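Q: Provide a 3D model corresponding to the input given below.
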Amino acid sequence: MRKAVAAAVLLAVLAFAGEASARSFTVVPPGQPALPSPEAPNAPGAINVPFPLSVPPEEPPVRSYEELLALWHRAGEAYGVPWQVLAAINKIESDFGRNMGPSSAGALGWMQFMPDTWLRWGLDANGDGLADPWNPDDAVFGAARYLAAAGAHDDISRAVFAYNHAQWYVDEVLGLAAAFGSGGALDFTGSQAVFRLDELQQQIAKARRAVSRARDDVPRLEKQIASSDDRQLRLELRAGNPRISTASFRALEKKIAGLQRSQERDRRRIEARQAEVAAAVAELQSLKGELASASVAAPTAASFDGALSSGDYVFPVGGGPDAVSVGHTHHDYPAADIAAPEGSPLFALADGVVVDAYTDGSGRCGIGFKIRLDSGAEYVYCHLSYIEPSVVAGAALAAGAPVGLVGSTGHATGPHLHLQFSPAVSYPQDEPWFQSFAGAAFSWQDAPTPTPKRIARPKKERRFTVVGITPAPSGGRIVGFTR
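A: Got it, this is the predicted structure:
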C-alpha cells in the first residue's frame, strides 16, 4: 500500500520547467487547487482568510503522525523543500498543532505565522476556499512556499533563518530535521524515534499532572482531619461536664462518633492518595527511563522539554510567556513568585549542588529545596507539588536538570514557584539572567513585557545536519545529511 501511495505522490509532484530562477508550479492531486508560485507573494486581497484571523477554531483539527508524515512529504515535494525541515518547524513552533497560539508576539496556527506574513504567503491547500493558518494542510504548504521563496532550493539554512532570524533556531531546526532521518516518501523508519519521543513526552506530562493532583489532595484532607480533631476535643470537653443532662450527653456522644467516622474516612482517603502518588511517581520514573533510552536514537528531539537557556542559566519554570508570569516585587520581602499552571515542570536554574531538600514539606515553604550555584549564590525553591528523587542534599545538578513540578504546598494561595536568595537580600527578578528571559520564558504581571525573543534550549550533541538538496535523475529531489 505504501508503494502505491508513494507512486501516486511522485506522479503528483510538481513539474519543474526552465532554469531554477524561472520555476513554475502546477499541482496534480485530484481535488486540490493549483498552488501559487513562491516567486512572488500574494497580491493584496488575493486570498480569503478566516475572520477574525487571530481567533483559533473552537475544535482545532487533529492529525495522526501518519497523516502528518504524509502531509510533510506532499508539501515538501510540491515546493522542493526537505520534508524533514517542515516536520521540524511543525514540532518546534506548535508541538504538532498542540500549542497554536496566538503567541504573545501574535504568531498563530500550525506553523506559527505572523498575520502579515500569512497574508503575503498563505494559501488554500485543501480547496475549502479559505487560506487558513489554523488548518494543518494550508499551514504546512504555506510554510513550504515561504521557505522556497526564501531560497530553500539553493540554501536551506538561509531559508530557515528567514523563517526566524536566529542562528540557534537554524541549528535546532536542522538538527531536529536530521533526527527525522532521510527516508523516502512515506518511509516511517527515520521518523519513528522522533514520534516515540513525542509520545513519551506527552505521557510524562500526563503523569506529572497525576502526581500533582494526588499529592494536592493530601494537605486538604489533613486539614479536614485537624479541624475535625479540634471540634471533637471541644465536644469531649462539653461532654465531660457532670452537670449536663443525659440527653445532652448522648447527643454529644453521637456527634463525637460521627466526627470519628469522618476522620477515619479521611485517613483512608489519605492512604489511598498516598498510594496514588507512589504509583504516579513510579510511572513517571519509568517513563523517564524509557525517554532516556529513546533519546539515544534522536538526541536533538529529546531536548524539547520546555527548558530555555540563556548563557549559563536556565529559566526555572517551563511553559513559556503565555502560561508563566511574575511581578517585579513580592508582598513582604525580596523574592519572586512565579505563577504557572499546577504541574508545570521545574528546572535547576544553573549548575550547582543541593544544600538541603524538603521532600515532606517544611513550614511555609512546603516541598522544596535549596541549591548553591557554582558562583556561590544560594537559591530556595518552594511550594513544589513533586520533587525529583534525585534532588537530595549533596546532589550535583546541571543547569536545566528537572527538579520537580509547580504546586501550592506550604503557605501558598495558588500554584507558583517561590524563588528567593538565601538569605533574601535582593530580588531574583532584578538579576540580568532573570530579565533576559522576559518575553521568552515568562511575562511580567505588573509592567509591559519586552517583545518576545527566542531563547535556546540547553544544547545536546548534534549528530547530523541537513547539508543541502540536489535534483534527482527521476526529477525529484535528494536531501543530503552529514554522517
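Q: distance of Pro219 relative to Val353?
A: Computed with CB to CB, to the nearest Å, the distance linking Pro219 and Val353 is 29 Å. Quick note: C-beta positions are derived from backbone N, CA and C, even for glycine.
Q: now swap in Asp154 and tell me
A: For Asp154, the distance to Val353 (CB to CB) stands at 50 Å.
Q: so for these two, which residue has more residues nearby?
A: Val353 (15 against 11; other CB atoms under 10 Å).
Q: tell me the contacts of that one?
A: Applying CB atoms under 8 Å, 6 or more residues apart in numbering, one finds that Val353 lies in contact with 371-372, 394-397.
Q: and for Ala150?
A: With CB under 8 Å, 6+ apart, Ala150 has these contacts: 158-159, 162-163.
Q: just the pLDDT for it.
A: We have a pLDDT of 95 for Ala150.
Q: before we move on, what about the one 5 residues further on?
A: With respect to pLDDT, Asp155 has a value of 94.
Q: in TSV: the contacts of Ala150, plus distance to Val211 and neighbour count.
A: TSV is the format used below for the contacts of Ala150 (distance: CB to CB, whole Å; neighbours: other CB atoms under 10 Å):
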residue	distance to Val211	neighbour count
Arg158	45	13
Ala159	42	22
Ala162	42	16
Tyr163	37	22
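Q: just those residues: which are in strands?
A: Judged by DSSP state E, strands contain none of the contacts of Ala150.
Q: out of those, who's nearest Glu77?
A: Nearest to Glu77 among the contacts of Ala150: Ala159, at 16.1 Å, using CB to CB.
Q: now that closest one: how far from Val49?
A: Separation of Ala159 from Val49 (CB to CB): 24 Å.
Q: how does the protein divide into domains?
A: Using automatic domain parsing, the domain parsing of the chain gives 2-181+465-481, 198-303, 309-444.
Q: the longest one: how far from the chain's middle?
A: Here the centre of domain 2-181+465-481 is set off from its chain's centre by 22 Å, with CA atoms, centre = their mean, to the nearest Å.
Q: for stretch 224-244, same thing?
A: 51 Å.
Q: and the helices in the chain, which stretches?
A: 2-12, 65-79, 83-94, 115-121, 136-149, 156-163, 167-179, 192-239, 246-294, 432-435 (DSSP state H).
Q: who touches the shortest one?
A: Okay, so that is helix 432-435. Contacts of helix 432-435 (CB under 8 Å, 6+ apart): 310-313, 315, 336, 349-350, 428-429.
Q: so Phe180 touches Ala87, yeah?
A: Yes - judged on CB atoms under 8 Å, Phe180 makes contact with Ala87 at a distance of 5.2 Å.
Q: and for the two, which residues touch both?
A: Common neighbours of Phe180 and Ala87 (CB under 8 Å, 6+ apart) are 191, 194.
Q: give me the neighbour count for Ala377.
A: 15.
Q: now it: closest residue in space that isn't a chain neighbour?
A: Take Ala377 and drop its neighbours on the chain: the residue closest to it by CB to CB, 6 or more residues apart in numbering is Phe421, 6.7 Å away.
Q: what sits against the one you found?
A: By CB under 8 Å, 6+ apart, the neighbours of Phe421 are 334, 377-380, 428.
Q: try it again with 10 Å
A: Residues near Phe421 by CB atoms under 10 Å, 6 or more residues apart in numbering: 334-336, 377-380, 427-428, 431.
Q: Gly410 too?
A: Gly410 touches 219, 358, 361-368, 382-384, 418, counting by CB under 10 Å, 6+ apart.
Q: top of these by neighbour count?
A: Counting by other CB under 10 Å, top hit in the contacts of Gly410: Leu384 with 29 neighbours.
Q: against the centre of the chain, work out the most remote residue.
A: The C-alpha centroid of the chain is most remote from Arg243, which lies 66.2 Å away (CA atoms, centre = their mean).
Q: what confidence value was assigned to that residue?
A: For Arg243, pLDDT reads 88.
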